[in-house]
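1. Whatever this is, show me its structure:
(one chain, ligands or ions: 1)
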Amino acid sequence: MIKRIGVLTSGGDSPGMNAAIRAIVRSALARGLEVVAIEDGYKGMVEGRMWQMNSRSVSDIILKGGTILGTARLPEFKDRIVRAAAIRNLEENGVEAVVVIGGDGTYRGAQALTDMGINCIGLPGTIDNDVSSSDYTIGFDTALNTVIQNIDKLRDTSSSHHRCSVVEVMGNRCGDLAVFAGISCGAEMIITPERGYDEAAVLAKLKYFDEVRKKRHAIVVISEKITDVNALANKISESTSFSGRATVLGHIQRGGSPTAFDRVLATRMGDKAVELLLNGIGGHCIGMLKNEIISMPIAEALALPRRSREELLALHERLI
Ligand code: ADP
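-> Got it, this is the predicted structure:
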């Protein structure tokens, strides 16, 4: 039986990571395990920055955005020699297994460590919802709510000024934030990486909303990394009577106190991760599928196809 586990957050931060850390620590302590905090993801593991936690270490963090452990990216972790150094540090600190919270890159690191003898369990912590082994990732719901609060505000002013607001949201090549935000806000158009981008078609549709439907305003929600949204807004001004304006929401989407949904999700997932480690399981990740907390091998999770949102997008279009 293991006695001591580590916990870290890695990759991009997301609201609810702290709620997950709290659940992992308290669940482990309740089951007689000791917990070691590893700072700044795999970087802190390699540099030996770790300290023992107690129940008080996670007091008052359930409501806090970000991650108290810090996060970092360390591309060198793909190198076996670098991981071997990390494992020596874990052994020196008596850490026998680790829970990692992050996205698919973090999962790959967890698999690689498990292959070298340290059981790791991954929790999906990212605002992008780009991990197919879970219907929802920790932080997505909070980010979505931040996005819709901002788009609702843009709608007020867009309506007054006959504007077309082009709103760029995050997603890291996954369209979920755009799709769910677009539906929540009744946006005129949703542009996602999965659907692809056809500028002429976008402009033609906006012309139709302007000239035929006589809409007072239009909101276009677009995922990041698709096109230059300022250039698109200029083209909208040129080819319709809307005044095109681009808004890039940026990192505000990553912040804020997690929603109840994210806190409950993080809590349920954290507890499940500890249970798996106690059962001697490693190289798995936790997900929520159809409201059940599940686990599956990381290799299987990483091989899952991207979810299609065609049905949701078709529903959205019927209502515009
Ligand atoms: P995310 O976990 O949010 O997808 P990254 O892709 O940046 O974020 O991954 C986080 C970290 O996980 C990387 O900086 C690196 O330390 C580690 N990592 C990513 N891919 C691998 C891999 N193939 N092998 C080992 N470690 C990896």
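2. only C-alpha atoms for contact and neighbour calcs from this point on.
-> Will do.
3. Please identify which helix or strand holds Gly6.
-> strand 4-9 (DSSP states H and E).
4. next one: Ala187
-> Going by DSSP H and E, Ala187 is not in any helix or strand.
5. just the helices in this protein please.
-> Listed in chain order, the helices of the chain (DSSP state H) span residues 17-30, 41-47, 80-92, 104-115, 140-161, 176-185, 199-211, 229-239, 260-278, 298-302, 310-319.
6. Return the most buried member of these.
-> helix 17-30 (a mean of 25; mean count of other Cα atoms under 10 Å).
7. Not counting its neighbours along the chain, what's nearest the residue in the stretch 151-300 of the chain that the ligand sits nearest to?
-> Proximity of the stretch 151-300 of the chain to the ligand (Cα to the nearest ligand atom) peaks at Asn172, 9.2 Å away. Nearest residue to Asn172 in three dimensions, chain neighbours excluded: Asp128, at 6.3 Å (Cα to Cα, 6 or more residues apart in numbering).
8. What about the one you found, how many residues nearby?
-> A count of neighbours around Asp128, defined by other Cα atoms under 10 Å, yields 28.
9. From the ligand, how far off is it?
-> In this structure, Asp128 and the ligand are 9 Å apart, going by Cα to the nearest ligand atom, to the nearest Å.
10. need the contact list for that residue.
-> Thr137, Phe140, Met170, Gly171, Asn172, Cys174, Asp176, Leu177 (Cα atoms under 8 Å, 6 or more residues apart in numbering).
11. can you tell me how far Ala218 sits from Ala299?
-> 42 Å (Cα to Cα, to the nearest Å).
12. now Ala260
-> Distance, Ala260 to Ala299, by Cα to Cα: 30 Å.
13. cool, and Ile252?
-> Where Ala299 is concerned, Ile252 sits at a distance of 32 Å (Cα to Cα).
14. What residues does the stretch 1-150 of the chain have near the ligand?
-> Where the stretch 1-150 of the chain comes near the ligand, counting by Cα under 6 Å from any ligand atom, the residues are 10-12, 42, 73-75, 77-78, 102-106, 108-109, 112.
15. Rounded mean pLDDT for stretch 165-183, please.
-> Across stretch 165-183, the average pLDDT comes to 97.
16. How far does it sit from its chain's centre?
-> Centroid separation for stretch 165-183 versus its chain: 13 Å, with Cα atoms, centre = their mean, to the nearest Å.
17. CA atoms only: put it into CSV for me.
-> The C-alpha trace of stretch 165-183 is given here as CSV (Å, rounded to 0.1, in the frame of the first residue of the first chain):
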residue,chain,number,x,y,z
SER,A,165,-19.4,42.5,-32.7
VAL,A,166,-16.8,39.9,-33.5
VAL,A,167,-15.9,38.2,-30.3
GLU,A,168,-12.8,36.0,-30.2
VAL,A,169,-12.9,33.3,-27.5
MET,A,170,-10.3,30.8,-26.4
GLY,A,171,-10.4,27.1,-27.1
ASN,A,172,-7.0,25.9,-28.2
ARG,A,173,-8.4,24.6,-31.5
CYS,A,174,-11.5,23.2,-29.8
GLY,A,175,-14.7,25.1,-30.7
ASP,A,176,-16.6,24.2,-27.5
LEU,A,177,-16.3,27.6,-25.8
ALA,A,178,-17.5,29.3,-29.0
VAL,A,179,-20.4,26.9,-29.5
PHE,A,180,-21.7,27.0,-25.9
ALA,A,181,-21.2,30.8,-25.7
GLY,A,182,-22.9,31.4,-29.0
ILE,A,183,-25.9,29.3,-28.0
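18. circling back: I'd guessed the residue of the stretch 151-300 of the chain closest to the ligand sits against Ile222; true?
-> No - using Cα atoms under 8 Å, Asn172 makes no contact with Ile222, being 11.9 Å away.
19. Looking at these two, which is more packed in?
-> Ile222 (28 against 17).
20. Just to check, that one is in contact with Glu188?
-> No - in this structure, Ile222 is not within contact of Glu188 by Cα under 8 Å, at 11.1 Å.
21. List the contacts of Thr106.
-> Ser10, Gly11, Val100, Gly122.
22. which of those residues tops the neighbour count?
-> Tallying neighbours with other Cα under 10 Å puts Gly122 at the head of the contacts of Thr106, with 33 neighbours.
23. May I have the beta-bridge partners of it?
-> Val100, Cys285 (DSSP bridges).
24. ok, back up a step: just want the angle from the strand holding Gly6 to helix 104-115.
-> Strand 4-9 runs at 160 degrees relative to helix 104-115, counting by axes from the mean of the first three to the mean of the last three Cα atoms, to 10 degrees.
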